[in-house]
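> Turn this into a model:
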Amino acid sequence: MKYMATYDWMESFRNTTEWTGATARAMASYPMFAMSMNPMITLAAAWGEVAERSFGRMVAKPDWGIRSIVGPTGQDHLVDVVTVVEKSFGNLIRFSVRRRAPMKRKLLVVAPMSGHYATLLRSTVTSLLPDADVYVTDWHNARDIPVSAGKFDIEDYTLYLVDFMRHLGPDAHVIAVCQPAPLTLAATAYLAGEDPDAQPRSLTLIGGPVDPDAAATDVTDFGSRVTMGQLEQMAIQRVGFKYKGAGRLVYPGLLQLAGFISMNGERHTKAFSEQIMRVMRGEATDHDAHNRFYDEYLAVMDMTAEFYLSTVQRIFKNREIARNEFLVAGKKVDLGAIKRVAVMTVEGEKDDISAPGQCVAALNLLSSLPERMKSQHLEPDAGHYGIFAGKSWRLNIRPLVLGFIDAHSTPAQAAPAQAAPAKSVPVQAAPAKTEAVKAAAAKPEPAKAAPAKIEAIKTAVAKSEPAKAAPAKTTPLAAPVKAATVVETPVASAPATSAQPTAPAKPAETLAPAVQPPAPAVAQPATKSEAAQPVPSAAPVARPAEAPASARIPAAAPPAPLAEVKPAAAQPVDTKASDAKPAEAKPADNVVTPLRRTQP
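Take a look at the predicted model:
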């Protein structure tokens with residue numbers, strides 16, 4: 001079966017059937033046969049029309065046929081298919097919508113390489129385009145790829161997906177349909193280990209054989225019965241000279257199509273019989289339901305032999321993905337490395353290709369992923385095709401998938417990182433004042449200071465700590481000393497406590513030390529190093545010239561409480577216990593000179 005003769009024989013049979021159908025349609029359409037009342041003439045013409053169309057579609061690549069979509073304002077927007085990443089065995093294409101800004105959702109739809117073109121997902125892409133920027137993997141027909149391009153197996157397929165995900169960036173969401181589900185899961189795990197920042201936001205797996213043994217189907221039974229040697233002898237052929245890939249070993253699309261039809265032979269036979277009768281009665285149209293479906297279903301492509309054989313052996317027989325033993329380029333891909341990619345599985349209750357249980361098995365393999373980032377859906381009464389392109393997709397599954405994507409559009413680790421700065425605002429402001437008061441308390445006290453004043457300063461320092469902040473009206477700032485004047489410097493918007501979030505406090509450099517005397521004039525704030533210099537104890541305290549004698553605080557008078565503790569605005573008291581009126585002092589160099597105000 002590895003010879004070109006078998007490949008060309010299949011192509012010859014297809015070509016002959018197409019020609020026979022065209023001949024029957026043309027012959028039965030002659031006017032001279034219209035005079036005959038024999039219904040077989042009309043039946044032959046109808047058969048010829050259906051046969052010509054069907055066998056002609058088997059070697060033609062369908063067009064996407066998405067010309068335009070309707071925008072939110074009711075206007076039509078033209079759609080262009082643009083190649084974003086070009087490779088030998090497949091491209092990454094984008095459906096560019098004209099006159100539309102980039103959408104919030106960025107979707108990568110991974111099309112299957114299972115004998116059909118990516119256009120099998122035409123209706124899926126059409127339904128997603130109004131709500132997202134859509135990218136699709138467009139795989140090439142192996143018969144059109146020269147042998148010089150090299151091999152392409154499931155490891156190369158996985159690396160292609162890795163490159164596509166890297167190109168789109170971490171804000172993309174991936175939807176894998178059918179066959180690529182296990183390999184897309186492996187590509188995501190590969191990125192989790194090699195390039196975590198390139199992982200997508202979410203991954204949706206639709207009807208894929210992640211664990212083929214979870215539920216038996218005709219496909220899994222066939223893979224279990226046939227040995228790899230038998231499969232290679234029966235299924236692998238060599239491309240003939242008619243195509244660019246002449247000499248390449250492939251699994252022909254025509255052989256794959258025969259297998260698909262044989263799985264549901266009765267249903268397909270009935271569908272074509274009814275279509276022939278509709279054509280005979282003149283009820284069929286070019287784009288009726290039958291033609292729309294089979295124009296896409298019959299368009300098949302060849303797969304490289306190494307891709308087909310490695311899929312059967314490693315995915316179905318050895319179950320490397322299901323056992324978490326898959327290797328890519330000699331490196332083990334650990335599915336447990338996926339920790340921040342939300343994963344959803346979708347299955348059809350009546351899926352006869354990937355039965356329920358095969359796809360949802362992926363969630364059990366993600367041991368490091370939180371349960372809140374896992375989701376699953378089983379669509380009742382839905383077959384394999386319906387879960388991504390039929391009524392079930394349009395009415396139920398599509399809204400669920402888009403809702404899942406929206407729920408995980410924000411990075412999983414972004415919330416803690418964004419909340420941290422908000423909590424640190426008051427914490428950053430409080431230490432500034434605390435350090436200033438501590439620095440003031442650490443200044444060397446004069447040798448002649450009264451013991452009562454020392455205790456009052458210690459009390460004020462203790463009350464200024466953020467953890468034990470208390471109203472100032474219960475604790476005086478300093479003990480009363482005769483002939484001393486308390487000068488208060490106003491501070492705008494100073495917080496009463498460090499726990500209340502307010503405007504950021506002024507830096508510690510602008511706070512006047514508790515042991516420095518006030519200066520009589522306004523000047524620029526001193527630097528932190530200058531404000532920290534101790535003042536000799538012999539320096540007298542300056543007294544405002546306009547303050548009357550009655551404003552002095554007598555030695556025996558009770559302490560005058562302040563309305564509010566403001567460590568940043570508190571000014572020092574006299575360090576000498578003398579009743580004599582101090583002389584006018586000359587301001588010290590490089591000292592903060594705030595506005596003066598007397599305190600009774």
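> tally of neighbours for the nearest residue to residue 68 once chain neighbours are set aside?
Counting by CB to CB, 6 or more residues apart in numbering, residue 68 lies nearest to residue 76, which is 4.6 Å off, once chain neighbours are set aside. Where C-beta positions appear, they are placed from N, C-alpha and C, glycine not excepted. Other residues near residue 76 come to 12 when the count uses other CB atoms under 10 Å.
> So, low pLDDT: which residues of this protein?
1-2, 412-600 (pLDDT under 70).
> could you pull out the strands for it?
68-70, 76-85, 90-97, 106-110, 133-139, 173-177, 202-206, 237-238, 249-251, 303-304, 327-328, 331-332, 342-348, 374-379 (DSSP state E).
> And for residue 233, the neighbour number?
Residue 233, neighbours per other CB under 10 Å, totals 11.
> what's the spacing between it and residue 227?
10 Å (CB to CB, to the nearest Å).
> got it, and residue 339?
Residue 339 is 39 Å from residue 227, by CB to CB.
> the more surrounded of the two?
More crowded of residue 339 and residue 227, by other CB under 10 Å: residue 339, with 16 against 9.
> which residues touch the residue nearest to that one when sequence neighbours are not counted?
Excluding the flanking residues, the one nearest residue 339 by CB to CB, 6+ apart is residue 368, at 4.7 Å. For residue 368, the contact set (CB atoms under 8 Å, 6 or more residues apart in numbering) comprises 336, 337, 338, 339.
> Just the closest of these to residue 210, please.
The shortest approach to residue 210 among those belongs to residue 338, at 13.1 Å (CB to CB).
> thinking again about what came up before, minimum distance to residue 11: which of the strands of the chain has it?
In terms of CB to CB, the element of those nearest to residue 11 is strand 237-238, at 10.2 Å.
> just checking, what packs against that closest one?
Applying 3 or more CB pairs under 8 Å, 6 or more residues apart in numbering; DSSP states H and E, we find strand 237-238 packed against helix 4-28, strand 249-251.
> related to what we said a few turns ago, the residue nearest to residue 339 and residue 144: what is the separation?
42 Å.
> same thing with residue 19?
Distance from residue 19 to residue 144, by CB to CB: 23 Å.
> same check, this time on residue 35
48 Å.
> higher neighbour count, the two?
Neighbours were tallied for residue 35 and for residue 144 using other CB under 10 Å; the higher tally belongs to residue 144 (14 against 6).
> how about that one, what does it touch?
So residue 144 contacts 243, 244, 245 (CB under 8 Å, 6+ apart).
> Number of residues surrounding the nearest residue to the first one once chain neighbours are set aside?
Closest residue in space to residue 243, ignoring its immediate chain neighbours: residue 143 at 4.3 Å, by CB to CB, 6+ apart. Here the neighbour count serves as a burial measure; for residue 143 (other CB under 10 Å) it reads 23.
> my read: residue 143 touches residue 302, true?
Yes - the pair residue 143 / residue 302 is scored as a contact, 4.5 Å apart, by CB atoms under 8 Å.
> So what's the residue count around residue 306?
Residues near residue 306, counting by other CB under 10 Å: 19.
> and it, what does it touch?
So residue 306 contacts 151, 152, 153, 249 (CB under 8 Å, 6+ apart).
> Now rank those by neighbours and give me the top one.
Going by other CB under 10 Å, residue 152 tops the contacts of residue 306 with 25 neighbours.
> phi, psi of that residue?
Residue 152 adopts backbone torsions of phi -160, psi 100, taken as degrees, to the nearest 10.
> how much space between it and residue 352?
28 Å.
> correct me, but residue 352 touches residue 215?
No - counting by CB under 8 Å, residue 352 does not reach residue 215; the two are 10.4 Å apart.
> Spit out the contact partners of residue 151.
Neighbours of residue 151 in contact, by CB under 8 Å, 6+ apart: 304, 306.
> hmm, try it at 6 Å
Shown in contact with residue 151 (CB atoms under 6 Å, 6 or more residues apart in numbering): residue 306.
> Phi first, then psi, for it.
Dihedral angles (degrees, to the nearest 10) for residue 151: phi -90, psi 170.
> Would you mind measuring from it to residue 250?
12 Å.
> what's the answer for residue 115, then?
11 Å.
> okay, those two: which has more neighbours?
Neighbour count, other CB under 10 Å: between residue 115 and residue 250, residue 250 has more, with 26 against 22.
> Share the number of residues neighbouring residue 367, please.
There are 12 residues near residue 367, going by other CB under 10 Å.
> what about it, distance to residue 338?
Applying CB to CB, the value for residue 367 to residue 338 is 9 Å.
> try residue 257
For residue 257, the distance to residue 338 - CB to CB - is 35 Å.
> So if I had to pick from these two, which one is more boxed in?
residue 338 (25 against 17).
> and the more buried one, what does it touch?
Residue 338 touches 188, 189, 192, 366, 369, counting by CB under 6 Å, 6+ apart.
> Repeat that for residue 303.
142, 251.
> Repeat that for the one 10 residues further on.
Taking CB under 6 Å, 6+ apart as the definition of contact, the neighbours of residue 313 are residue 228.
> Could you check how far it is from residue 269?
Taken as CB to CB, the span from residue 313 to residue 269 is 33 Å.
> Please apply the same query to residue 64.
30 Å.
> before we move on, what about residue 80?
Residue 80 is 40 Å from residue 269, by CB to CB.
> cool, and residue 109?
To residue 269, residue 109 is 32 Å away according to CB to CB.
> Look at those two and report which has more neighbours.
A direct count of neighbours by other CB under 10 Å for residue 109 and residue 269 places residue 109 higher, at 24 against 11.
> contacting residues around that one?
136, 175.
> which strand residues sit across from it in the sheet?
residue 136, residue 175 (DSSP bridges).
> Just give me the neighbour total for residue 271.
14.
> Not counting sequence-adjacent ones, nearest residue to it?
Nearest to residue 271 is residue 290, by CB to CB, 6+ apart, at 6.4 Å.
> do the same with residue 18
Nearest to residue 18 is residue 55, by CB to CB, 6+ apart, at 3.9 Å.
> from memory the one you found sits against residue 13, does it?
No - here residue 55 does not reach residue 13: they are 9.2 Å apart, not a contact under CB atoms under 6 Å.
> Can you pick out the residue with more neighbours from these two?
residue 55 (21 against 12).
> Let me see the contact set for the more buried one.
Contacts of residue 55 (CB under 6 Å, 6+ apart): 14, 17, 18.
> how much space between the second one and residue 59?
Computed as CB to CB, the residue 17 to residue 59 distance reads 12 Å.
> So between the two, which is more surrounded?
residue 59 (20 against 16).
> This completes my enquiry, with thanks.
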